[in-house]
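Novice: sequence first, then the predicted structure:
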Amino acid sequence: MNTSDFLSSLLMMMIVVAALVVSLTTSCTANATLVQETCKKIAKSDPNVNADFCVTTLNSDPASRKAANLEQLGIVSLRICMTKATNLQPRIRGLLQQRTFDQYAKNCLKDCQKFYWDAKESLQSAVRDFKVKDFPKAGLDITAALNSSSTCEDQFGQRGRAASPLTQENGDFFQMTAISLSISAMLR
(Lines give C-alpha, C1' and ligand atoms only; values in the text may rest on other atoms or scores of the structure.)
Protein backbone atom coordinates (compact mmCIF):
# COMPACT_ATOMS: atom_id res chain seq x y z
CA MET A 1 0.00 0.00 0.00
CA ASN A 2 1.47 3.32 -0.98
CA THR A 3 1.25 6.55 1.00
CA SER A 4 -1.51 7.96 -1.18
CA ASP A 5 -3.74 4.90 -0.64
CA PHE A 6 -3.02 4.95 3.08
CA LEU A 7 -3.97 8.64 3.36
CA SER A 8 -7.12 8.06 1.31
CA SER A 9 -8.14 5.15 3.56
CA LEU A 10 -7.37 7.19 6.67
CA LEU A 11 -9.39 10.12 5.36
CA MET A 12 -12.36 7.85 4.55
CA MET A 13 -12.20 6.31 8.02
CA MET A 14 -12.16 9.77 9.63
CA ILE A 15 -15.17 10.81 7.55
CA VAL A 16 -17.10 7.71 8.60
CA VAL A 17 -16.24 8.26 12.29
CA ALA A 18 -17.23 11.93 12.04
CA ALA A 19 -20.54 10.98 10.41
CA LEU A 20 -21.25 8.49 13.21
CA VAL A 21 -20.48 11.08 15.88
CA VAL A 22 -22.76 13.62 14.22
CA SER A 23 -25.49 11.00 13.84
CA LEU A 24 -25.29 9.93 17.48
CA THR A 25 -25.16 13.52 18.71
CA THR A 26 -28.16 14.47 16.59
CA SER A 27 -30.09 11.43 17.85
CA CYS A 28 -29.32 12.24 21.51
CA THR A 29 -30.19 15.90 20.97
CA ALA A 30 -33.45 14.99 19.23
CA ASN A 31 -34.45 12.70 22.11
CA ALA A 32 -33.49 15.28 24.72
CA THR A 33 -35.54 17.80 22.79
CA LEU A 34 -38.49 15.37 22.67
CA VAL A 35 -38.45 15.09 26.47
CA GLN A 36 -37.98 18.83 27.03
CA GLU A 37 -40.61 19.91 24.50
CA THR A 38 -43.11 17.33 25.72
CA CYS A 39 -42.62 18.37 29.34
CA LYS A 40 -42.88 22.04 28.43
CA LYS A 41 -46.22 21.46 26.65
CA ILE A 42 -47.58 19.35 29.47
CA ALA A 43 -46.58 21.81 32.21
CA LYS A 44 -48.10 24.66 30.23
CA SER A 45 -51.46 22.89 29.93
CA ASP A 46 -51.56 21.13 33.32
CA PRO A 47 -50.96 23.12 36.53
CA ASN A 48 -50.37 19.81 38.39
CA VAL A 49 -47.16 19.15 36.45
CA ASN A 50 -43.85 20.87 37.04
CA ALA A 51 -41.72 20.94 33.87
CA ASP A 52 -38.44 20.32 35.75
CA PHE A 53 -39.95 17.34 37.60
CA CYS A 54 -41.18 15.99 34.27
CA VAL A 55 -37.79 16.31 32.55
CA THR A 56 -35.87 14.89 35.51
CA THR A 57 -38.24 11.96 35.97
CA LEU A 58 -38.39 11.01 32.29
CA ASN A 59 -34.62 11.37 31.91
CA SER A 60 -34.12 9.11 34.94
CA ASP A 61 -34.95 6.19 32.65
CA PRO A 62 -32.28 5.63 29.97
CA ALA A 63 -35.02 4.40 27.61
CA SER A 64 -36.23 8.01 27.31
CA ARG A 65 -33.04 8.83 25.40
CA LYS A 66 -33.92 6.11 22.90
CA ALA A 67 -37.54 7.18 22.46
CA ALA A 68 -37.95 8.21 18.84
CA ASN A 69 -41.49 9.56 19.20
CA LEU A 70 -44.19 10.55 21.65
CA GLU A 71 -45.69 7.06 21.72
CA GLN A 72 -42.41 5.50 22.85
CA LEU A 73 -41.92 8.27 25.40
CA GLY A 74 -45.42 7.56 26.71
CA ILE A 75 -44.52 3.91 27.28
CA VAL A 76 -41.37 5.03 29.13
CA SER A 77 -43.48 7.30 31.36
CA LEU A 78 -45.90 4.46 32.09
CA ARG A 79 -43.06 2.14 33.06
CA ILE A 80 -41.71 4.79 35.43
CA CYS A 81 -45.17 5.00 37.01
CA MET A 82 -45.31 1.22 37.40
CA THR A 83 -41.90 1.27 39.09
CA LYS A 84 -43.09 3.98 41.48
CA ALA A 85 -46.23 1.97 42.33
CA THR A 86 -44.14 -1.16 42.88
CA ASN A 87 -41.59 0.66 45.04
CA LEU A 88 -44.34 1.97 47.30
CA GLN A 89 -45.27 -1.56 48.39
CA PRO A 90 -42.23 -2.15 50.67
CA ARG A 91 -42.43 1.47 51.91
CA ILE A 92 -46.02 0.89 53.01
CA ARG A 93 -45.16 -2.50 54.56
CA GLY A 94 -42.44 -0.77 56.57
CA LEU A 95 -44.86 1.90 57.78
CA LEU A 96 -47.37 -0.78 58.79
CA GLN A 97 -44.74 -2.38 61.03
CA GLN A 98 -44.17 0.84 62.94
CA ARG A 99 -46.01 1.21 66.22
CA THR A 100 -46.53 4.95 65.82
CA PHE A 101 -49.78 4.58 63.84
CA ASP A 102 -53.23 4.01 65.30
CA GLN A 103 -55.60 1.44 63.81
CA TYR A 104 -57.29 4.01 61.57
CA ALA A 105 -53.96 5.05 60.03
CA LYS A 106 -52.96 1.41 59.58
CA ASN A 107 -56.24 0.74 57.78
CA CYS A 108 -55.55 3.72 55.54
CA LEU A 109 -52.08 2.36 54.77
CA LYS A 110 -53.53 -1.06 53.94
CA ASP A 111 -55.99 0.63 51.60
CA CYS A 112 -53.15 2.58 49.99
CA GLN A 113 -51.24 -0.64 49.46
CA LYS A 114 -54.22 -2.06 47.57
CA PHE A 115 -54.73 1.19 45.62
CA TYR A 116 -51.14 1.10 44.38
CA TRP A 117 -51.38 -2.59 43.51
CA ASP A 118 -54.47 -1.80 41.42
CA ALA A 119 -52.69 1.21 39.93
CA LYS A 120 -49.87 -1.02 38.72
CA GLU A 121 -52.37 -3.30 37.00
CA SER A 122 -54.09 -0.31 35.37
CA LEU A 123 -50.74 0.97 34.14
CA GLN A 124 -49.84 -2.43 32.69
CA SER A 125 -53.12 -2.26 30.82
CA ALA A 126 -52.26 1.25 29.61
CA VAL A 127 -48.94 -0.01 28.20
CA ARG A 128 -50.84 -2.65 26.23
CA ASP A 129 -53.25 0.07 25.05
CA PHE A 130 -50.34 2.23 23.88
CA LYS A 131 -48.85 -0.66 21.92
CA VAL A 132 -52.10 -1.12 19.96
CA LYS A 133 -52.59 2.66 19.70
CA ASP A 134 -55.81 2.68 21.74
CA PHE A 135 -55.00 6.00 23.40
CA PRO A 136 -58.56 6.76 24.67
CA LYS A 137 -58.55 3.44 26.59
CA ALA A 138 -55.02 4.15 27.80
CA GLY A 139 -56.31 7.46 29.15
CA LEU A 140 -59.00 5.66 31.15
CA ASP A 141 -56.50 3.19 32.58
CA ILE A 142 -54.06 5.98 33.49
CA THR A 143 -56.86 7.97 35.14
CA ALA A 144 -57.70 4.94 37.30
CA ALA A 145 -54.05 4.77 38.38
CA LEU A 146 -53.86 8.53 38.97
CA ASN A 147 -56.85 8.35 41.30
CA SER A 148 -54.99 5.88 43.53
CA SER A 149 -52.64 8.54 44.81
CA SER A 150 -55.30 11.14 45.54
CA THR A 151 -57.62 8.58 47.15
CA CYS A 152 -54.75 7.34 49.32
CA GLU A 153 -53.88 10.87 50.37
CA ASP A 154 -57.46 12.02 50.95
CA GLN A 155 -58.46 9.22 53.27
CA PHE A 156 -55.84 10.23 55.84
CA GLY A 157 -57.47 13.65 56.13
CA GLN A 158 -60.88 12.20 56.92
CA ARG A 159 -62.11 12.29 60.51
CA GLY A 160 -59.64 15.05 61.34
CA ARG A 161 -56.68 12.68 61.36
CA ALA A 162 -53.03 13.61 60.96
CA ALA A 163 -51.40 14.03 57.58
CA SER A 164 -50.54 11.05 55.45
CA PRO A 165 -47.02 9.60 55.84
CA LEU A 166 -47.11 9.12 52.05
CA THR A 167 -47.74 12.74 51.03
CA GLN A 168 -44.50 13.10 49.03
CA GLU A 169 -44.88 9.72 47.32
CA ASN A 170 -48.55 10.35 46.54
CA GLY A 171 -47.71 13.76 45.07
CA ASP A 172 -44.91 12.38 42.91
CA PHE A 173 -47.06 9.51 41.68
CA PHE A 174 -49.94 11.86 40.90
CA GLN A 175 -47.66 14.15 38.93
CA MET A 176 -46.03 11.28 37.03
CA THR A 177 -49.36 9.72 36.09
CA ALA A 178 -50.60 13.18 35.04
CA ILE A 179 -47.61 13.30 32.66
CA SER A 180 -48.54 9.89 31.22
CA LEU A 181 -52.17 10.98 30.90
CA SER A 182 -51.16 14.14 29.05
CA ILE A 183 -49.01 12.15 26.64
CA SER A 184 -51.91 9.82 25.89
CA ALA A 185 -54.15 12.85 25.27
CA MET A 186 -51.56 14.34 22.89
CA LEU A 187 -51.65 11.11 20.87
CA ARG A 188 -55.43 11.02 20.41
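Specialist: Received, thanks. Numbering: from 1, shown residues only.

Novice: hang on, Arg93 packs against Gln113?
Specialist: Yes: with contact defined as CB atoms under 8 Å, Arg93 and Gln113 form a contacting pair (7.5 Å). C-beta: built from backbone N, CA, C; applies to glycine.

Novice: neighbour count winner among the two?
Specialist: Remark: of Arg93 and Gln113, Gln113 carries more neighbours, 18 against 11, as counted by other CB atoms under 10 Å.

Novice: any idea which element the more buried one lies in?
Specialist: helix 103-131 (DSSP states H and E).

Novice: again, but for Ile75
Specialist: Secondary structure assignment for Ile75, by DSSP H and E: helix 70-97.

Novice: name the helices or strands packed onto that helix?
Specialist: On a contact count with 3 or more CB pairs under 8 Å, 6 or more residues apart in numbering; DSSP states H and E, helix 70-97 meets helix 3-45, helix 51-59, helix 103-131, helix 135-157, helix 167-186.

Novice: packing partners for the fourth one?
Specialist: Contacting helix 135-157 under the criterion 3+ CB pairs under 8 Å, 6+ apart are the following elements: helix 70-97, helix 103-131, helix 167-186.

Novice: list the buried ones in it?
Specialist: 135, 137-139, 141-149, 152-153, 155-156 (16 or more other CB atoms under 10 Å).

Novice: from the chain's centre, how far out does that helix sit?
Specialist: Taking CA atoms, centre = their mean, to the nearest Å, one finds helix 135-157 lying 14 Å from the centre of the chain it belongs to.

Novice: need the nearest residue in space to the residue nearest the centre of the chain, chain neighbours excluded.
Specialist: The chain has Ser77 as the residue nearest its centroid, 3.0 Å off, counting by CA atoms, centre = their mean. Residue nearest to Ser77 in three dimensions, not counting chain neighbours: Ser180, with 4.4 Å by CB to CB, 6 or more residues apart in numbering.

Novice: what about Ser184, neighbour count?
Specialist: For Ser184, using other CB under 10 Å, the count is 27.

Novice: just to check, it is in contact with Gly139?
Specialist: Yes: Ser184 lies in contact with Gly139 (CB under 8 Å); the separation is 4.6 Å.

Novice: ok, the nearest residue to Lys41 once chain neighbours are set aside to Ala144 distance?
Specialist: Nearest residue to Lys41, sequence neighbours excluded (CB to CB, 6+ apart): Met186, at 7.3 Å. Here the criterion is CB to CB, to the nearest Å. By it, Met186 lies 19 Å from Ala144.

Novice: equivalent analysis for Leu95, please.
Specialist: Per CB to CB, Leu95 is found 24 Å from Ala144.

Novice: thanks a lot, see you next time.
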